[in-house]
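*Asks:* Turn this into a structure:
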Amino acid sequence: MRKRAAVLCGAAVVVAGTFTAVPADASAPQPTHVTQTAPAAKPTWKKCGTADYPTLQCASLKVPLDHAKPRGKQITLALSRVPHTAKKYQGPLLVNPGGPGGSGLTLAGFIASSLPKAVAAQYDVIGFDPRGVGASKPALNCRPGHFKPVRPDSVPSTPAIEKANLERAKSFAAACGRKYADVLPYINTVNAVKDMDSIRQALGARRINYFGYSYGTYLGAVYAKLFPHRVRRLVLDSIVDPTGVWYDDNLAQDYAFNDRHRALMAWIATYDSTYRLGTDPEKIEAKWYAMRAALAEKPADGKVGASELEDAYIPGGYYNGYWPYLAEAFAAYVNDKNADPLVEVYENFGAVDASGDNGYSVYTSVQCRDASWPRDWRQWRKDNWDVYEKAPFMTWNNAWYNAPCAFWPTRSLSPVNVANGKLPPTLLFQATNDAATPYEGGVTVHRLLADSSLVVEQGGGNHGITLSGNTCLDKYLTAYLTDGKVPRGGGEADAVCQALPDPKPLTSKAASTSSRGATLHGLLGFRG
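*Replies:* Numbers count the residues shown, from 1 in each chain. Model (predicted):
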């Protein structure tokens, strides 16, 4: 969807609990009753390696559109694999980057190359594009160019602006209904989970290992609920609160993203000699909103209005590696009346291309179908103005992003209660200041999964924290994937790692870059 930038990575401090081992034996008692999925043919793997991931292989797999009708209409899932090379084989490790709407094909290569070689060699690392996504067929694209600039101001300060945004949301929902009437009822998390079990069957595995980021944590928790005896190991990183899907979770995001935006302002204040925007974070924030107001009146290069400015800066809430670029663009606009860097960061971080259109189509299709949303716009208006008063940065941008769900053409399902006492020990990772999946989600899932262990990144604000440079976190991940060891601390968190240092300005000699964190955040799913 977007180009991504590199970031400085530093050292970490470990505060650990004791370890408990999970038997490495892949066998497990079989349940009397399990959720059934349609049998799947064995995939045929072909080389599809890249310069970065030369051992990557690709295949496709046909699954039923409706798993209740296994001989009915079929759709195609795109798969990728980095095959195991060690004598010790621990089975398939399915990986998902989130979204919903994120492609997992390249993520398999990234994870296989980022884990210690001896660990990755023991797994077939399996990526997949969930139904509707990327190289899977059909791939949804409800309304190409939906995010084409310049959009109406996200803040509905007048009836005319609100009407324009409402028309965009209604038009998108209607376009999805027209183009994919026969498909939309089957684009949801539960069906994606059943597809995962079809992948398991096609791979000939009795149980799978699973590693998911962001929305991928909800996908993994739902898989574990429907197929608990098919789970061997389960890693969830940056955890969705399953009790708030999806309307309440999005409102909670708004507060957290506002905090992260203010953290960016405070970071800029510490480098006044570089950015010349002042040393008072509140005054710097006021300059940012003044910039927003100016762009609402006169978009930069006919591309970056108020809404596009938000699009460019929201990624800074996901990953602080973007802060130096965002700060430079902000400073150039304010101090030098130069909008070119601002247009560049929008094009790199905020602009939506065809893959982004696909990701957004799947995002809305899944979220609008998964759970009930208010159908009365007055409820949205009230709730979002209430949040906006305390957290103005992303509230209305996020509201319009999800607004098609108020007009979605399919009825809503009920969320899955992921509470589970039937799993082997599982491993959870959560940063305390994560904006996209706030900290409470990790604590909630830790409570709901009876034998889980929670590793917390204290002071961390990035979304997606393992395999991105924090060696403390990665030690726990490596131990778990090696022989099932998990920390047991006995409190809210079972282990604590300190966050990496924030980046330095690009002009600093200390701003040596590490691409791993940036690469991961370029792969994580659409908007979450």
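*Asks:* only C-alpha atoms for contact and neighbour calcs from this point on.
*Replies:* OK.
*Asks:* which sections of the chain are below the confidence cut-off?
*Replies:* Within the chain, the stretches with pLDDT under 70 are 1-39, 508-515, 526, 528.
*Asks:* counting residues per helix, which one in it is longest?
*Replies:* Ordering each helix of the chain by length in residues (DSSP state H) puts helix 247-269 first.
*Asks:* residues in contact with that helix?
*Replies:* Residues from elsewhere that reach helix 247-269 (C-alpha atoms under 8 Å, 6 or more residues apart in numbering): 241, 275, 277-282, 284-285, 314, 316-317, 323, 327, 372-373, 384, 387, 390-395, 398, 433-438, 461.
*Asks:* any idea how far the residue lying farthest from the centre of the chain lies from Ala294?
*Replies:* Centroid-distance maximum for the chain: Asp336 at 35.2 Å, with C-alpha atoms, centre = their mean. Asp336 is 15 Å from Ala294, where distance means C-alpha to C-alpha, to the nearest Å.
*Asks:* Could you check how far Asp383 is from Trp377?
*Replies:* Going from Asp383 to Trp377 by C-alpha to C-alpha gives 10 Å.
*Asks:* helices or strands next to the helix or strand where Leu473 lies in the packing?
*Replies:* Taking DSSP states H and E as the criterion, Leu473 maps to helix 471-483. Helices and strands touching helix 471-483, by 3 or more C-alpha pairs under 8 Å, 6 or more residues apart in numbering; DSSP states H and E, are helix 117-120, strand 486-488, strand 495-498.
*Asks:* quick one: that helix to chain centroid distance?
*Replies:* On the basis of C-alpha atoms, centre = their mean, to the nearest Å, the separation between the geometric centre of helix 471-483 and that of its chain is 21 Å.
*Asks:* In it, which residues are buried?
*Replies:* Judged by neighbour count (16 or more other C-alpha atoms under 10 Å), helix 471-483 contains these buried residues: Thr471, Cys472, Leu473, Asp474, Tyr476, Leu477, Thr478, Ala479, Tyr480, Leu481, Thr482, Asp483.
*Asks:* what's the closest of those to Trp45?
*Replies:* Nearest to Trp45 among the buried residues of helix 471-483, counting by C-alpha to C-alpha, is Leu481 at 24.5 Å.
*Asks:* In contact with that closest one, which residues are there?
*Replies:* Val119, Arg233.
*Asks:* at 7 Å instead, please
*Replies:* Listed by C-alpha atoms under 7 Å, 6 or more residues apart in numbering, the contact partners of Leu481 are Val119.
*Asks:* so how far is Leu427 from it?
*Replies:* Leu481 is 10 Å from Leu427, where distance means C-alpha to C-alpha.
*Asks:* now swap in Pro409 and tell me
*Replies:* Distance of Pro409 to Leu427, given as C-alpha to C-alpha: 37 Å.
*Asks:* who has more neighbours, the two?
*Replies:* Using other C-alpha atoms under 10 Å, the more surrounded residue of Pro409 and Leu427 is Leu427, with 27 against 20.
*Asks:* is it true that that one lies in a helix?
*Replies:* No. Read with DSSP: H, G, I helix; E, B strand; the rest coil, Leu427 is strand and lies in no helix.
*Asks:* Surely it and Leu234 touch.
*Replies:* Yes. In this structure, Leu427 is within contact of Leu234 by C-alpha atoms under 7 Å, at 6.3 Å.
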